[in-house]
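Asker: model the structure of this input:
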Amino acid sequence: MKSKIVFALVFFAGMFSGQAQFLKFGIKAGPNFANFSGGVSGIDYTSRTSFHAGVLLQIKPFENLAIQPEVLYSSQGADVEGVGDFNLDYISVPIMARFFVVSDRLSIDVGPQFSFLVDDAELVFDEVSGDADSESFDFAAAGGVTLNIYEGLFVSGRYSIGLTEASKEAEVKNAVFQLSLGYTF
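Answerer: Numbers count the residues shown, from 1 in each chain. Presented below is the predicted three-dimensional model:
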């Protein structure tokens with residue numbers, strides 16, 4: 001058993017040293033344009049502008065394919081006229097498969113996103129009124145494009161749609177469009 005573990009470590013160490021571009025770390029941040037999909041009839045949800053920021057790891061085992069797990073702080077939610085603003089803050093972990101359509105320049109990104117609620121607040125008439133009784137976990141599907149601009153600098157656009165309910169009280173799901181500026185090194 002120990003020999004298999006040692007072999008696996010030597011194999012992966014050889015892959016890392018053999019390909020300098022195999023593994024990259026990075027940072028990214030940008031605005032979120034969030035809203036709820038679904039919901040209660042007669043209630044109008046409007047988009048909420050917030051932000052996201054975090055770190056990423058890009059693993060590129062093949063020329064035209066990379067796997068990119070990320071850890072992001074992401075502020076989401078929606079504004080509801082006459083009720084208040086719902087602010088849902090998550091630690092999100094998207095795991096994106098990046099398919100390069102233009103080698104090392106342009107990729108189409110798809111994958112799941114796992115989000116863990118760290119704070120929820122309902123704002124009524126600009127005063128914090130307390131918890132919004134939100135679900136503590138959000139599972140979403142995400143997709144977008146990334147353009148590598150110059151030597152590690154990139155921009156990306158991504159849309160994620162919640163596949164689980166965001167609230168315990170209403171049948172709403174998170175829907176978020178993100179624009180990101182980032183750097184890999």
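
Asker: moving C-terminal of the helix or strand harbouring A66, what's the next helix or strand?
Answerer: In the assignment (DSSP states H and E), A66 maps to strand 65-80. Sequence-wise, the next helix or strand downstream of strand 65-80 (DSSP H and E) is strand 84-102.

Asker: so what secondary structure elements neighbour that following strand?
Answerer: strand 48-62, strand 65-80, strand 106-124, strand 137-150 (3 or more Cβ pairs under 8 Å, 6 or more residues apart in numbering; DSSP states H and E). (Glycine included, C-beta is placed from N, CA and C.)

Asker: can you pull the contacts of A140?
Answerer: By Cβ atoms under 8 Å, 6 or more residues apart in numbering, A140 lies in contact with P112, Q113, S115, S160, I161, G162, L163, T164, N174, V176.

Asker: which pLDDT does the model give the closest residue to D133 other than its chain neighbours?
Answerer: Of all residues not flanking D133 in the chain, K168 sits nearest, at 4.9 Å (Cβ to Cβ, 6 or more residues apart in numbering). According to the prediction, K168 has pLDDT 79.

Asker: quick one: contacts for K168?
Answerer: D133, S134, E135.

Asker: please flag which of the residues you listed sit within strands.
Answerer: Among those, no member falls in strands (criterion: DSSP state E).

Asker: all good on my end, thank you.
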